[in-house]
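Visitor: okay, sequence plus prediction incoming.
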Amino acid sequence: MEFTKSLAENIKHLQQLLQTDKNFDVVYRVVNIAGRKACLFFVDGFTKDDVLLKILQGWSTIKEEDMPPDAHGFSKKYLYYGEIGLLSNDQDMVVQLLSGITCLFIDGYDSCLTIDCRTYPARSVGEPEKDKVMRGSRDGFVETLIFNTALIRRRIRDPKLTMEIASAGESSHTDIAICYMEGRVDQQLLQLIKERIRKLHVDALTMNQESLAEGIYPHKWYNPFPKFKFSERPDTAAACILEGNIVILVDNSPAAMILPSSVFDIIEEADDYYFPPITGTYLRLSRMVTAVLCLLLTPTWLLLMLNPQWIPSWLEFIRLSDETFVPLIFQLLILEFAIDGLRLAAINTPNMLTTPLSVIAGIVLGEYSVKSGWFNAETMLYMAFVTIANYSQSSFELGYALKFMRVVILIFTSAFGVWGYAGGVVLSVAAIVFNRTIAGKSYIYPLIPFHFKELKKRFLRGRLPMTEKQSD
């Protein structure tokens with residue numbers, strides 16, 4: 001519905017639309033401006049009271065003969081606050097109002113004046129729990145979109161940094177910021193992302209970025225390897241933007257979605273660049289080796305236990321030292337699920353009880369489960385290593401992808417022996433090789449297609465690139 005010049009009609013319509021008699025936090029106040037009646041609509045808790053008070057005080061000095069003929073003239077002459085807009089229909093106005101913007105109606109004007117003096121409840125921009133670094137900045141993204149864009153702007157002071165706003169969700173109207181560097185971004189991919197967000201028809205982004213990710217890339221859901229890189233660090237997001245990537249920020253989410261992302265992008269961490277090249281290279285290579293061990297250690301050990309004649313003399317110590325009461329494959333699978341159960345329990349345990357309960361669980365499930373005959377000590381040892389190694393990856397999605405592939409290899413090895421082991425490894429490699437980024441490119445570039453110079457950069461952390469002026 002289009003607004004009219006009658007203030008009474010506009011107020012009556014909006015009272016019905018916004019159900020102001022039921023919604024206690026949707027507030028409207030009728031005031032006088034130079035002899036005319038006016039009405040302010042706002043959401044309690046989203047408005048900066050001191051700013052609104054100063055605006056109201058400024059209106060008290062306006063004389064009747066000085067009133068402009070239309071809303072545009074009034075906004076230019078008497079609204080000194082920076083972010084002012086004009087709306088002519090109720091649909092756009094309601095979305096803006098429920099986003100926290102104050103809306104002003106003046107009798108005789110057929111437009112709504114929007115005053116952006118909103119504020120959101122927000123926590124401090126402290127270092128994220130998951131993306132911690134040994135050296136570097138200690139700030140992190142929060143749930144407020146404008147704070148997150150400001151953290152990136154603080155790091156990239158270039159007018160080519162572009163942040164376009166979009167929205168998704170017919171009920172939630174969730175704000176989405178698309179951040180990229182003009183001239184460095186893949187324009188074809190950028191247009192694809194914009195188009196998919198525009199065509200995204202969902203009621204609400206209930207799971208924030210995961211809902212958005214599944215909406216813009218619905219293919220190959222059965223492949224567990226992640227298609228996107230997520231980071232709660234603004235320095236990581238800024239670095240990716242400068243490299244030509246697209247960063248998507250979603251309101252109410254403290255993480256940035258980085259795309260396109262290959263498996264090498266996901267493995268990288270900020271610590272690789274906060275230390276000298278030789279240290280950064282060591283950290284990166286150790287993380288890659290740990291990922292391979294995390295995938296293959298327990299299946300390889302199970303294969304050797306099923307074929308003890310293959311064990312060389314220098315590896316005799318890996319043989320089982322005690323009698324086995326439960327088949328090894330069941331021991332390993334039970335521990336795989338038990339570890340996830342303990343992880344979920346730790347998440348839901350109050351902080352003050354996490355440490356003592358973890359100690360108790362470690363003692364009971366470690367020592368007494370071996371003594372009771374459920375598990376062998378060697379099984380507990382190798383699963384403990386795999387569990388700890390899984391945390392070397394900053395990406396939860398990559399950690400679980402390795403876990404799923406490891407379970408598949410274990411089952412295949414137990415069922416078909418060496419051929420099952422080989423088939424499981426081939427399946428895991430195929431899941432990585434035949435995966436594709438959202439841009440449709442190889443998931444393991446620059447390995448396939450092969451590019452030696454880029455591949456060297458992925459494995460070896462070299463010196464940071466400098467401009468010509470710096471190198472001189």
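Guide: Thanks, I have the structure now.
Visitor: residue 218 - how many residues pack around it?
Guide: 9 (other CB atoms under 10 Å). (C-beta placed from N, C-alpha, C; glycine too.)
Visitor: same question, the one 3 residues further on
Guide: Applying the criterion other CB under 10 Å, we find 9 residues in the vicinity of residue 221.
Visitor: state the helix or strand in which residue 230 lies.
Guide: Using DSSP states H and E, residue 230 falls within strand 229-231.
Visitor: each with direction, which strands does that strand pair with?
Guide: Strand pairing for strand 229-231, determined by DSSP bridges: strand 256-259 (antiparallel).
Visitor: what's in contact with the helix or strand just after the partner strand?
Guide: Note on strand 256-259: by DSSP H and E, the next helix or strand toward the C-terminus is helix 263-267. By CB atoms under 8 Å, 6 or more residues apart in numbering, the surrounding residues in contact with helix 263-267 are 225-226, 229, 240, 258, 284, 287-288, 291, 393, 395, 397-398, 432, 435, 443-444, 458.
Visitor: switch the cut-off to 6 Å
Guide: Residues outside helix 263-267 that contact it (CB atoms under 6 Å, 6 or more residues apart in numbering) are 226, 229, 395, 398, 443, 444, 458.
Visitor: let me see the ranges of the helices in the stretch 251-400 of the chain.
Guide: 263-267, 271-274, 277-306, 328-348, 351-363, 369-371, 377-390, 396-433 (DSSP state H, counting those that start in this stretch).
Visitor: three-state assignment of residue 40?
Guide: Taken by DSSP: H, G, I helix; E, B strand; the rest coil, the conformation at residue 40 corresponds to strand.
Visitor: got a pLDDT number for it?
Guide: On the pLDDT scale, residue 40 is placed at 93.
Visitor: quick check: chain neighbours aside, which residue is closest to it?
Guide: residue 29 (4.8 Å; CB to CB, 6 or more residues apart in numbering).
Visitor: by contact count, what packs against whichever helix or strand that neighbour is part of?
Guide: Assigned by DSSP H and E, residue 29 belongs to strand 26-33. Applying 3 or more CB pairs under 6 Å, 6 or more residues apart in numbering; DSSP states H and E, one finds that strand 26-33 contacts strand 36-43.
Visitor: what residues sit buried inside whatever helix or strand comes next after the strand it packs on?
Guide: Moving toward the C-terminus from strand 36-43, the next helix or strand (DSSP H and E) is helix 49-59. Under the neighbour-count criterion of 16 or more other CB atoms under 10 Å, helix 49-59 has 51, 52, 55, 59 buried.
Visitor: of all those, which two lie farthest apart?
Guide: Across these, the longest distance by CB to CB is 13.4 Å; it joins 51 and 59.
Visitor: all strands of the stretch 101-250 of the chain, in order?
Guide: 102-106, 112-115, 161-168, 174-181, 229-231, 246-250 (DSSP state E, counting those that start in this stretch).
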